[in-house]
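In: Mind folding the following:
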Amino acid sequence: MNKEKLFDTPLGDTVLRYNDAIVIQLNGSRRVASTSALNGGVKDDLKFVFNKSCAHELHGKTCPGMKGPTIEEHYSVIARELELDPATCTGMGTAALVENTAVVTDSYNGVSVTAMVTAGIDVNGGRAGDLARYDEFAKKHINISPDNGTINIFVHINANMPAGTLNRALMTATEAKTVALLELMANSMYSTGLATGSGTDSLIVVANRESEIYLENAGKHCKLGEMIGTTVIKAVKEALDKQTGMNTTRQSAVSWQNKRYGITQEKTWTYYQHIFGEEAKTEEQFIQSFSKVDTDKKVVAFVASSVHLLDQYSWGLLDEKTVHDLFSTQIKSFRDSFSLPALSGHSSDKHQNLTKHSFQEMMISPIISTLAYLCHK
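Out: Just a heads-up that it's a prediction; the model follows:
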């Protein structure tokens, strides 16, 4: 097994690359809070933490899946493959490349916080409360869909703290991850909501029990919480950019922001063919036109504001009539600004007595139609 030292953390721990894994050797007395099935919870006697990737195995279509009858045994096998004693380590698994790990450090008054993140969310982004994919009681899969995506986070804090504060750090880091996703308008693949993570995300926080600095708060109102927040937000964004190119430039596009509502190039092409028939451009010409419309800032802003009305409706903050009437005003003004023909069949009485899903479809349809007209100009 190839082993390469990458760097030392501010705690003095050694970060190593073991083939497709990041292994961190804990060179002192550490308190570790982990979400892992292997030695999860809060532990004071661990010697290693790891993040193991199966990305190359997936690329070669040879990923073995579960390596044991339970998740705990699965990670025990991985630990042994990494030549680690399962009793003295905890770890995470990912389909992201470990070479795409992002590392961000911040310091204040002698305390350092280092966030190390691997991330991918394009395929498996999910929102807390989405329908489950697995029924562990019946032991069967439900709502089958792609599951190739994970955000794994290490947070190393060069300070001593009680177990409860470490758990609070887990909460703050999780909130920070969600902030990063919301600021990138990452889509849930399982609902019309914005993603708050993936279904397989993991988190490990390491504190230094040998530090003379003892902290008892890792929430958002304290400096430690602020540092956890800023480092994790930045590291998650950097990792997503490294892994899949998810960044503010790519996400400033209609289709990347709104796949969750079915606003896509493919759907627009279908509408376009239906609207223009024999006058339609070739698919190649359409794709070229769509790429320009998709990233036009005025179009992006219009669709974002319109879709957010639907978000507020789905959260129960706005009623159908308010959303419908405001949207009708917005889309008329937008189409007029591009000299597009007026919409037909979108009168104010059509929103009555519709199901939630049908109402959303009725609102999305004129957006896609408008994109189709813009692609024909």
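In: where's S255, which helix or strand?
Out: helix 254-258 (DSSP states H and E).
In: so I275 touches Y373, yeah?
Out: Yes. Counting by Cβ atoms under 8 Å, I275 touches Y373, with 7.3 Å between them. Placement of C-beta: from N, CA and C, glycine included.
In: Counting neighbours, go ahead and name the busier of these two.
Out: More crowded of I275 and Y373, by other Cβ atoms under 10 Å: Y373, with 19 against 14.
In: so for the helix holding S255, what's the average pLDDT?
Out: In this model, helix 254-258 has an average pLDDT of 97.
In: ok, and what's touching the helix or strand that it is followed by?
Out: Proceeding C-terminally, helix 254-258 gives way to helix 265-276 as the next helix or strand, assigned by DSSP H and E. Contacts with helix 265-276, where a contact means Cβ atoms under 8 Å, 6 or more residues apart in numbering, come from 255, 280-281, 283, 286-287, 290, 294, 368-369, 371-373, 375-376.
In: Separate out the buried members of the residues you listed.
Out: S255, A280, F286, F290, D294, I368, S369, L371, A372, Y373, C375, H376 (16 or more other Cβ atoms under 10 Å).
In: Mind telling me the two of those residues farthest from one another?
Out: Using Cβ to Cβ, these span at most 19.4 Å, a distance reached by S255 and A280.
In: okay, now the closest residue to R250 other than its chain neighbours: neighbour count?
Out: Leaving aside its chain neighbours, R250 sits nearest to W256 (6.0 Å; criterion: Cβ to Cβ, 6 or more residues apart in numbering). Applying other Cβ under 10 Å, we find 20 residues neighbouring W256.
In: surely W256 meets L184?
Out: No. Applying Cβ under 8 Å as the test, W256 and L184 come out as separate, 9.1 Å apart.
In: Quick check: buried residues in stretch 66-84?
Out: For stretch 66-84, the neighbour count (16+ other Cβ under 10 Å) marks H74, Y75, S76, V77, I78, A79, L82, L84 as buried.
In: Between those, which sits nearest G91?
Out: Y75 (5.6 Å).
In: Helix or strand: which one has that closest one?
Out: Under the criterion of DSSP H and E, Y75 resides in helix 71-81.
In: how about T105, secondary structure?
Out: Secondary structure, DSSP: H, G, I helix; E, B strand; the rest coil: T105 is strand.
In: Quick check: closest non-adjacent residue to it.
Out: In space, and not counting its chain neighbours, T105 is closest to T114: 4.5 Å by Cβ to Cβ, 6+ apart.
In: And the one you found, which helix or strand is it part of?
Out: strand 111-119.
In: ok, back up a step: name all residues that make contact with the residue nearest to T105.
Out: Taking Cβ under 8 Å, 6+ apart as the test, what T114 contacts is T9, P10, V103, V104, T105, F154, V155, H156, T231.
In: go with 7 Å
Out: T9, P10, V103, T105, H156, T231 (Cβ atoms under 7 Å, 6 or more residues apart in numbering).
In: For ChimeraX, what selects the buried ones among those residues?
Out: Buried subset of the contacts of T114, written as a ChimeraX selection, criterion 16+ other Cβ under 10 Å:
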select :9,103,105,156,231
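In: Redo the contacts of T114 as CSV? Include distance to D45 and pLDDT.
Out: Putting the contacts of T114 into CSV (distance: Cβ to Cβ, whole Å; pLDDT from 0 to 100) gives the following:
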residue, distance to D45, pLDDT
T9, 19, 96
P10, 22, 94
V103, 26, 98
T105, 26, 98
H156, 18, 98
T231, 26, 98
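In: In TSV: the contacts of T114, plus distance to T165.
Out: Converted to TSV, those look like this (distance: Cβ to Cβ, whole Å):
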residue	distance to T165
T9	19
P10	18
V103	23
T105	20
H156	15
T231	17
